[in-house]
Each structure stands twice: as structure tokens, then as C-alpha cells.
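>>> predicted model and sequence below, questions to follow.
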Amino acid sequence: LTVFLVVVVLYFMGGDAIFERFFGIAETGVMQTFQQNRGLFLEYTLTESLFEYPFGAGLGRWGMMTVYFNESGNWLYPALHAEIQLTGWLFDGGIPLWLCYGGAILLALRYSYRLAVHATGTLSDCATIIFSIQLFIAGLCFTGPVFNTQFGIVFWLLTAVLHGCHRTLLYQAWCEAHEAEVAEEEAPA
């Protein structure tokens, strides 16, 4: 029922194009639909841009930076177009930025996952929710430059909140253990 309502709302908001794209996923499959729409940008990044800019093209060559600080006569370093996040990272810093930023995202996902699986109580529940949101945002990197938007801020904010909660619980447990140890030492024998 919920899916039906979503489809009806999408049809009235976007018309036939949105309706056909939504049902096209069921007919052609997720991977084929991605390849026809956003997969072309990923393929372009991996087959052409990667070899042209392995260490980046320089900061500010794509996105809103080119709108704000456009130099129309700069034929030596023209503005570039990045449709997905991986292309933008490649233009900004090349393979080293892919490794650093991608590694940071993977570490954040690993941290949240480990807390979701190994922690107990409310922390585990919160970590599960945060991991789901983080995984969703990380997956959006293949659809657009999401870490340049509020989604990127949400990703890192949730990571920081989860880390802060975990450290607070660890500190509280340490304080309780330390107080019990001090009380045990001070107790008359």
C-alpha cells in the first residue's frame, strides 16, 4: 500500500517521465537502470578522467567554485563537470583523495557497524540507525556529489554524535570502576 501511494504521488508530481523511470527499474533491473542513467558518469570517471587526472586537476575546477570564481578566458585550466561524487574527488585530489576520503568514510561505517553489532542497549540501537543512514548517504555518492551538500554534514555529524555517546559511556564505566576500586581500598579490612 505504501509503495502504491508513493507511486501515485510521484506520478502527480513528476508526470509520466518519473512514473516510467520508477517502473523501468522493475523491468530492466537495478544495475541496468543505473548503467543507463548514472553508470555512464562512473564509467567516464574510471576509463578517461582517472588517466587524465590521477593526482587531481586542482581545487575549484568543478561545481559551484567554477560558478563563483569563473575565469571565462582561462583556456589552460577550463572548468570541469562532475556529475557524481567520485568524479569530483578525482578532480580535486585524484587517487590520493579517493584513498583518504574513501578510507575515512569506510572507517566511519566500520565504527558504526561494530557498535551496532557488538554494543548493547540503547547504544546498539542508535548505532544501527546511524549505520543505516550512513550507508544510504555513502551509496548516494554514485548518484551525485552528496558530500558537498547537507548530506555530507549529516554523515559526519552522526558519526561524531555516535562517537561522543560511545566515549561518554566508556568514561562513565571507567569512573564507576575507579570509584569501586577506591571504595574497596578504603574499606576497613
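Cool, got the structure. Numbers count the residues shown, from 1 in each chain.
>>> contacting residues around the residue nearest to the spatial centre of the chain?
For the chain, the residue nearest the mean C-alpha position is Ala138 (2.8 Å; C-alpha atoms, centre = their mean). The contact partners of Ala138, taken as C-beta atoms under 8 Å, 6 or more residues apart in numbering, are 105, 109, 155. Any C-beta I mention is one placed from the backbone N, CA and C, and that applies to glycine too.
>>> can you pick the most crowded of these?
The residue in the contacts of Ala138 with the most neighbours, by other C-beta atoms under 10 Å, is Phe155 (23 neighbours).
>>> isn't that one up against Phe136?
No: at 9.4 Å, Phe155 does not count as touching Phe136 under the criterion of C-beta atoms under 8 Å.
>>> what about the longest helix anywhere in the chain, average pLDDT?
Counting by DSSP state H, the longest helix found in the chain is helix 150-186. Averaging pLDDT along helix 150-186 gives 95.
>>> what packs against it?
Applying 3 or more C-beta pairs under 8 Å, 6 or more residues apart in numbering; DSSP states H and E, we find helix 150-186 packed against helix 85-118, helix 122-139.
>>> and the angle for the first one with helix 122-139?
So the one you mean is helix 85-118. 160 degrees (axes from the mean of the first three to the mean of the last three C-alpha atoms, to 10 degrees).
>>> pull the number of nearby residues for the closest residue to Leu97 other than its chain neighbours.
Closest residue to Leu97 in three dimensions, ignoring its sequence neighbours and counting by C-beta to C-beta, 6 or more residues apart in numbering: Trp89, at 4.9 Å. The number of residues packed near Trp89 is 25, by other C-beta under 10 Å.
>>> Leu115 versus Trp89, what's the distance?
Going from Trp89 to Leu115 by C-beta to C-beta, to the nearest Å gives 27 Å.
>>> ok, residues contacting stretch 73-82?
Stretch 73-82 has contacts (C-beta under 8 Å, 6+ apart) with 57-58, 61-63, 66, 70, 88, 90-91, 145.
>>> state the distance from the residue nearest to Leu97 to Leu50.
Taken as C-beta to C-beta, the span from Trp89 to Leu50 is 11 Å.
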